[in-house]
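Chemist: Please work out how this folds:
(one chain, ligands or ions: 1)
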Amino acid sequence: MIQLEAVSKSFAMHGKTLPILQIPSWRVESGERIALIGPSGSGKSTLLHVLSGVIQPDLGEVWVDGEPLHQYKEAKRDQYRAKKVGYIFQDFHLISSLTARQNVELIVPSAWSKRQTAEQLDYWFERVGLQDRMHHLPAQLSRGQQQRAAIVRALIAKPKLILADEPTGSLDWETARDVMSLLLEICAAEQLTLLTVTHDLHLADMYPARIHIQDLNEIVRREAV
Ligand SMILES: Nc1ncnc2c1ncn2[C@@H]1O[C@H](COP(=O)(O)OP(=O)(O)OP(=O)(O)O)[C@@H](O)[C@H]1O
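Modeler: Prediction:
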């Protein structure tokens, strides 16, 4: 599903080049659910951005679902992302003037009929327990409900890969556990590949697999010794 080979990424800061990622090789099988942990600034979000095609590595190969992202120009990476990736953010990124349902409708594939759209929206909002709330504005929803709506938005276009960057970072502990458990349950049932960045080791323990970025990344590894 995911294969990285000799990937490196640096950022220029104050006239210096800061190496952030240097991953010799990493493979994730389809349907794996992995918590990605590691210290602040170690490159976890950067790795998700590389996998979603938002940024290109400086060197190396990035394959996701058979697509060679390292060979794609920006427009093709945008197409890849729209088709294959669902992204979940810490602060939901819902548009405040639109209802939960309208937020999701924005990214429904244009080929879908009105009927198919309505059926899928009803199905997913019910699946996350928001069937009575889909016509509410984000401000009328609790934070956990907002993240459930954002999960629907991530899933609606039937992506293969879900990338979640601290998806429960702004929720209280019990809500965080419920939202994480829902996300895991859906990804298992739908056989989606899920990669979640989290600082919370208890939440990471809910995952079938955990990976420390230090174990992937030569840079952090060298700095750690
Ligand atoms: N566009 C950019 N330009 C310059 N530096 C960047 C850029 N994006 C990230 N960085 C730097 O790269 C490093 C890794 O950032 P990243 O956000 O990937 O870390 P992280 O592990 O997700 O951190 P956190 O857990 O705090 O979110 C940081 O030092 C950050 O300042």
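
Chemist: Can you verify my assumption that residue 22 contacts residue 219?
Modeler: Yes. Between residue 22 and residue 219 there is a contact at 4.6 Å, judged by Cβ atoms under 8 Å. All C-beta atoms are positioned from the backbone trio N, CA, C, and that covers glycine.

Chemist: Next, the buried residues of the top helix by length along the chain.
Modeler: Counting by DSSP state H, the longest helix found in the chain is helix 173-190. By neighbour count on 16 or more other Cβ atoms under 10 Å, the buried set for helix 173-190 is 175-180, 182-184, 186-187.

Chemist: Can you pull the residues of this structure lying near the ligand?
Modeler: For the chain, the contact set with the ligand under Cβ under 6 Å from any ligand atom comprises 11, 13, 20, 38, 40-46.

Chemist: Only whichever of these are buried, select them in PyMOL.
Modeler: Remark: buried members of the residues of the chain next to the ligand, expressed as a PyMOL selection using 16+ other Cβ under 10 Å:
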select buried, resi 20+38+42+43+44+45+46
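
Chemist: Among the residues of the chain next to the ligand, which ones are in helices?
Modeler: Those of these lying in helices (DSSP H): 44-46.

Chemist: I'd like those residues laid out as JSON lines, including pLDDT.
Modeler: Compiled in JSON lines, these are given as follows (pLDDT from 0 to 100):
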{"residue": "44", "pLDDT": "95"}
{"residue": "45", "pLDDT": "96"}
{"residue": "46", "pLDDT": "96"}
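
Chemist: Tell me which stretches of this structure form strands.
Modeler: In the chain, the strands defined using DSSP state E lie at 2-13, 16-28, 33-37, 59-64, 67-68, 85-88, 161-165, 193-197, 209-212.

Chemist: Please pull out the lowest mean pLDDT helix or strand from this structure.
Modeler: helix 218-224 (a mean of 79; mean pLDDT, DSSP states H and E).

Chemist: Does that helix pack against any helices or strands, and if so which?
Modeler: Here helix 218-224 touches strand 16-28, helix 213-216, going by 3 or more Cβ pairs under 8 Å, 6 or more residues apart in numbering; DSSP states H and E.
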